[in-house]
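K.L.:
Here is a sequence with its predicted model. Questions after.
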Amino acid sequence: MRDLISLHVNGQRYELAVLPHHTLLEVLREDMGLSGTKHGCELGECGACTVLVDGVPVLSCLTLPIEVQNSEITTIEGLEKNGKLHPLQETFAELGAAQCGYCTPGILLAGAALLREHPHPTREQMKEALTGNLCRCTGYTKIYEAVDAASERLHATGGVS
Amino acid sequence: MTIRERVDRSIERDTSRSYKYVGAPLPQVDAYAKVTGRAIYADDIILPRMLYGRLLRSPHPHARIVSIETSRALALPGVLAVITGEDLPQRFGILPSSQDEYALAIDKVRYVGDPVAAVAAVEPDMLDEAIKLIQVEYEILPALMTIDEALEHPEVKINDEARIGNIHKAVSYEFGDMEAGFAEADYVREDWFFYEGNNHAPMEEHACVANWEPNPHDPCGGKLTLWSSTQTPHYVHRELSKVMGLPQSHVRVIAPHVGGGFGGKSDPFSHEMCAAALSRRTGRPVKITCTREEVFLTHRGRHPVKMWIKTGVKKDGTLSAMHFRSFLDGGAYGSYGIATTYYTGALQTVTYKLPCYKFEGMRLFTNKPPCGPKRGHGTTQPRYAVEVHLDKIAHDLGFDPLELRRRNLIESYTRTVNGLRITSCALGECLDAVAERSDWNESRAHPTLGADVSGQSPIDLPNDPKIGNASAASMKRGLGLAASSYICGAGKPIYWNDLPHSAVQIRLDRGGGITVYCGATDIGQGSTSMLAYIVAEELGVPPDHIHVETADTTLTPVDLGSYSSRVTFMAGNAAIAAARKLKGQLFELASEQLHVPVENLAAAECLIYDENDPGVALPYVKAVQLTEARYGALVAAGSYAPPEDMHGDYKGAGVGPSPAYSYSVCVAQVAVDIETGELVVEKLWLAHDIGQSINPLLVAGQVEGGAYMGFGEATMEQQVFRKGRHKIPSLLDYKLPTTLDTPEIETILIEIPDHEGPFGGKEAGQGPLNPVIPAIANAVFDAVGVRIDETPITPDKVLKALRAELPGARSTQRPQVEPIEVPSPWPTRLITWQPDKVTPSAKDGI
């Protein structure tokens, strides 16, 4: 039996009929077509399914939609605003921080939350913030460089998005 | 610092070559699709009426299937099909010589996870129950879980492919005069090593969608399309056609974006065959997505290998002879294992000069998930053994480990003792660069036991070490070094043929667009981008005008796949060949229009112009239109096959040859806690001989990723089993490095162009991993004076070794690796070969 719920995702409110035991990850991907959110374990181990709930990174594979009906959910599709990319998206592309790109949506969202909290994060703060997001391609080096570059870019444009 | 400045800092170039796009730090052509969530991976595909499938897998490591009862599962509402082994009875396998897999087990299961049945249902939620309702009766057989058990119990036959007992493949080679080589030696050392198996753990779990489209007028009944997260759509195409009983013309395999592979998506897999069969059975698309546990069970990861090595050295430090034996734990099926077995022996000669070399290898079947190729395929394990062994020799003889290696480096444009053709080689330059950056000579001024991390002089080991919190005083720092080499593409294809290894088609549109078609499969390494940059450079058109269509067996010409670090070298050269044909046509018309001889023309910035007078120019689009008006549609193809004269003329010489080899040197700096055994890798310096970076940003990314993965294998990753089962098939329990673990990685790219590489380029995808593991092991010895002769180097092993060193410990140098009683005679015919049978003039024809 499906339950009717309401979710606020990427600035829009949606009325959805979902299976109550389905995770936010399943609802985003299967019911809402937001396939930018990835999965690598379905057990909260890899970070690929990270989304923002009220600006805080959470693992959508461990979240039930019913818990977050009153929250603002941001997925990778919502990180760009009106066709304009978040500086992290720009610098990840420019600096080769996305190789296969599979962990990238989760890392970008965790990174965006980090930059809101620490506009100029130290390397240690980056490592702490991203330690729940596994990446098998990059060795994380280019990810740190891209976060640094995005931080500079945000500072130069005077905005924290 | 700009991106260009950051990149330039990491490159050492021999000349000032100037290319417009080649060598520039451009974003991947699909980077924006990836950073915005638009990139479509196999599991993202949803087709109308699509069903979901899952495999039932064996719970036993070794058992006979007595019966399978599927009717209860089939009766479940929403379940539309259940298939078992008899529905797909055709055997398959990646190698023609190892056709030992069934899509679903027939008669027997050989490891926990061996697929037995498959179901398709309307909703994913129905699959669990459907799987549970399939009743399988098993007769349990004894399970063999290690190399030693497989050798001890030939009467327990795991796989009929094994000719003797459980020996899947045995090889034996002798090159040069071994007796003379060891007679010349002033010092001989023998060691045993064990390299533990590990999984690729790509972030994307394997997934596929199969879509059968029936056509009653077609004698085959219809056509099949499979989207799969694969590195080798061409090989999947061949094997899927075979298993489905369809001509290859009726099967289309497409690799969408692939979320990492590292070798783990290089085989044709049961879930692909089953999705296809379930789609044909139901007439509806079927998606199968593996869970993370299934990825660990599907495996095809690093073979566990026991190795014995004996080397003769002269007083001056030059190597006089090497005898190497490898015992591979292959798991239950063949996969790439025959090639892996050869690879454990083939490349020892490519890094250091060996006047004679003997190699004996064997692969054993065990009741575990099949092993296969992982980044560095079969060369990573022996590289660890050889480099730690050489480090021991250097220590025994009082040589600086760097100096010992320098005295033995292979030279460019030579032949190895096993007949391999060496072309460009910047190994010496890599050694120099990495020594300088890591301050090797300064730091090695006080050899043996390392300084503590506060920089004070070395202190003695405590008398009674006990596990406790690490403190600065108990942390010892050390440096270790290792070198390696890797192929730029396998010189021979997996199935014997004379066909090109890679082909590229290019179509020029009269509106200025360019479409490049190539079977090459981008698994994150950037091969799609590489094709765009190379065509852009040749035709003088920016990459954003170029559309690259890849990895689709219907649309794109064959590229053998993303394995053996072959794509840049082979598809890159094919792209150059195709682009040059079109450029020839465009220049012919431009020459007529501009009244400039063809040889004076150049292409850049969407112009074809006179190099001597750049103002005399024809817009690229105009040239295309004039050429199309004269010749018709502008399409050209180029292809690449490696040269012939790259190897000796003995049986088995087909594994190891490559059109070029890359070289890497790593220095690792570690800190080891003598109280807890904790190992902290603080920094890795990695110099890589890349020939020419097609894109230094992507090359550095490959080097860093390889270093990261090597670090994981050296310190924590292990595929281990308990009571026949994978002990830790999850990303929580299978330890792999997070941001907090991963050391700083400093990359140095050495650019000395290879004569045959595209713009001089060589590989970067695999080679840089290899030296990292032994460099870390050697650094541990430098720090605390103990050798860890097996991977991963975990705190318990370090602590145990430290305790064995203490005064009063029962034995001081207890061997860590239990030697294998070597079968005598080695169970295969010895092949001897003398290098003088090949003309030594490798430079000919270059």
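P.N.:
The structure has been received and is ready for your questions. Numbering: from 1, shown residues only, chains lettered A, B, ... in the order given.
K.L.:
From here on, just use CA atoms for contacts and neighbour counts.
P.N.:
Noted.
K.L.:
pLDDT score for residue 63?
P.N.:
I went with chain A, as the question did not name one. A:T63 is assigned a pLDDT of 98 by the prediction.
K.L.:
I was after chain B.
P.N.:
Listed pLDDT for B:A63 reads 98.
K.L.:
go on, B:A451?
P.N.:
Reported pLDDT for B:A451: 55.
K.L.:
Chain A contacts on the stretch 1-150 of chain B?
P.N.:
B:3, B:25-28, B:31-32, B:34-40, B:44 (CA under 8 Å from any CA of the partner chain).
K.L.:
6 Å instead?
P.N.:
B:P27, B:A31, B:K34, B:V35, B:G37, B:D44 (CA under 6 Å from any CA of the partner chain).
K.L.:
Top of these by number of neighbours, please.
P.N.:
B:V35 (32 neighbours; other CA atoms under 10 Å in any protein chain shown).
K.L.:
Quick check, it in contact with A:L88.
P.N.:
No: with contact defined as CA atoms under 6 Å, B:V35 does not count as touching A:L88 (8.7 Å).
K.L.:
still on that earlier bit, identify, from the residues of the stretch 1-150 of chain B next to chain A, the entry nearest to chain A.
P.N.:
B:G37 (3.9 Å; CA to the nearest CA).
K.L.:
Give me the spatial nearest neighbour of that closest one, chain neighbours excluded.
P.N.:
A:G36 (3.9 Å; CA to CA, 6 or more residues apart in numbering or on different chains).
K.L.:
what residues are up against whichever residue of chain A sits closest to chain B?
P.N.:
With CA to the nearest CA, the shortest gap between chain A and chain B falls at A:C100, namely 3.4 Å. Residues in contact with A:C100, defined by CA atoms under 6 Å, 6 or more residues apart in numbering or on different chains, are B:G259, B:G260, B:I523, B:G524.
K.L.:
residues in chain A within reach of chain B, list them.
P.N.:
A:35-36, A:40-41, A:45, A:76, A:89, A:93-94, A:99-102, A:127, A:131, A:134, A:137-139.
K.L.:
now chain A, which segments are flagged as low pLDDT?
P.N.:
A:159-161 (pLDDT under 70).
K.L.:
Report the buried residues of the helix ranked longest in it.
P.N.:
Longest helix in chain A, counting residues (DSSP state H): helix A:141-157. Within helix A:141-157, the residues that count as buried by 16 or more other CA atoms under 10 Å in any protein chain shown are A:141-151, A:153-154.
K.L.:
which strands and helices sit next to whichever strand or helix holds B:L56?
P.N.:
Using DSSP states H and E, B:L56 falls within strand B:51-57. On a contact count with 3 or more CA pairs under 6 Å, 6 or more residues apart in numbering or on different chains; DSSP states H and E, strand B:51-57 meets strand B:115-121, strand B:286-289.
K.L.:
What are the buried residues along the very next helix or strand once past it?
P.N.:
Note on strand B:51-57: by DSSP H and E, the next helix or strand toward the C-terminus is strand B:63-69. Judged by neighbour count (16+ other CA under 10 Å), strand B:63-69 contains these buried residues: B:A63, B:R64, B:I65.
K.L.:
Do you know the pLDDT at the residue in the stretch 401-550 of chain B that chain A sits nearest to?
P.N.:
Using CA to the nearest CA, the closest approach of the stretch 401-550 of chain B to chain A is made by B:G524 at 3.4 Å. Note for B:G524: predicted pLDDT of 98.
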